[in-house]
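Colleague: The amino acid sequence is not available; the structure is as follows:
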């Protein structure tokens, strides 16, 4: 390529970045939000500063279905022999939308925090219904447990994270052991859950709403509610919500945290002032990190629960 050609491409890139900046800081952030996770991912790529994370695997099957694939992001300097903590991140979308490739911003953010980050797709409504998406989530965790040791991760230090419907999936895996057992792995593998704006206690269902379409035919309906499975020996949970969330009301996180604490378990409730349902996951993308310290606080929690276990000292021979 000629010097003129290279200069032309650089100019186009700079103009494009300028346009994004104007959208972000000139009152047009809503336009990016309207574009969904794909737009957030693009903004993060352009304005995230680059470096610190890399895509190790894309479209890796964890099952036989078309939606049973996952991506893996790792710190840029990660090596095969590393034993880094692992986070499986489940995206939201009301159980009827979403794709892993649009959540590179979450993968990069968590990888820069030092985690091997797994982002699975899972089956969606209307081609799947409860509990298909929970079973897929469990299968993705089981695959991760089996294979992540060869990819720089520590199979004994796995935590879950999710937003909205993805936080629901993560909570169900952590609170109801049947799903991971059915997937062929030990439920004790989960060290903790960081949930962002998750629906955990949302009965009665809104007729015709997303939750009703995804699980409304299940009876008793309580078996679909994470709060029904609150227990004292569940993995620690960090439940974050925004007080301006009018899609998944803060009471969901409040009620689950209270139920776990009543049972003698560990739950931390974090309510972000002025943050809405989309804003809490937007805060993982570099251009929107100033909205709230979601990434730093979630990262601190995840590092805490995935801290390396110290093996017991063997008894000295007599």
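Modeller: Perfect, I can see it now. Fair warning: this is a prediction, and the values are worked out from it, not measured in the lab.

Colleague: Tell me where the model's unsure across the stretch 151-300 of the chain.
Modeller: Applying pLDDT under 70 to the stretch 151-300 of the chain flags no residue at all.

Colleague: Would you state the helices of it in chain order?
Modeller: 165-175, 178-182, 210-215, 251-262, 279-282, 294-305 (DSSP state H, counting those that start in this stretch).

Colleague: Could I get the full set of strands for the stretch 1-150 of the chain?
Modeller: Secondary structure of the stretch 1-150 of the chain (DSSP state E, counting those that start in this stretch): strands at 53-61, 69-75, 84-90, 116-120.

Colleague: Could you list every helix and strand in contact with the second one?
Modeller: Strand 69-75 is packed against strand 53-61, helix 104-112, strand 116-120, helix 132-147, with contacts defined by 3 or more CB pairs under 8 Å, 6 or more residues apart in numbering; DSSP states H and E. In short, each C-beta sits where N, CA and C put it, glycine included.

Colleague: Identify, out of the ones you listed, the most deeply packed stretch.
Modeller: Across the helices and strands packed on strand 69-75, averaging neighbours per residue (mean count of other CB atoms under 10 Å) puts strand 116-120 on top, at a mean of 29.

Colleague: what's the average pLDDT for that strand?
Modeller: Averaging pLDDT along strand 116-120 gives 98.

Colleague: who does that strand touch, helix- and strand-wise?
Modeller: Helices and strands touching strand 116-120, by 3+ CB pairs under 8 Å, 6+ apart, are strand 69-75, strand 84-90, helix 104-112, helix 132-147.

Colleague: who wins for proximity to residue 302 among these?
Modeller: Of all these, it is strand 84-90 that lies closest to residue 302, at 5.9 Å by CB to CB.

Colleague: right, and residue 213 touches residue 127 too?
Modeller: No: the criterion here is CB atoms under 8 Å, and residue 213 misses it with residue 127 at 12.0 Å.

Colleague: Could you check which of the two has the larger neighbour count?
Modeller: residue 213 (17 against 11; other CB atoms under 10 Å).

Colleague: which ones are touching the more buried one?
Modeller: 96, 125-126 (CB atoms under 8 Å, 6 or more residues apart in numbering).

Colleague: Same check on residue 146?
Modeller: Here residue 146 is in contact with 155, 185 (criterion: CB under 8 Å, 6+ apart).

Colleague: Tell me the pLDDT of it.
Modeller: So, for residue 146, pLDDT stands at 98.

Colleague: and the gap between it and residue 179?
Modeller: Going from residue 146 to residue 179 by CB to CB, to the nearest Å gives 16 Å.

Colleague: Tell me where the longest strand sits in this structure.
Modeller: strand 153-163 (DSSP state E).

Colleague: Neighbouring strands of that one in the sheet, and parallel or not?
Modeller: strand 84-90 (parallel), strand 190-196 (parallel) (DSSP bridges).

Colleague: Take the ones you listed and lay them out in a markdown table including distance to residue 261 and mean neighbour count.
Modeller: Below are these laid out as a markdown table (distance: least, CB to CB, whole Å; neighbours: other CB atoms under 10 Å):
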| stretch | distance to residue 261 | mean neighbour count |
| --- | --- | --- |
| strand 84-90 | 24 | 28 |
| strand 190-196 | 15 | 27 |
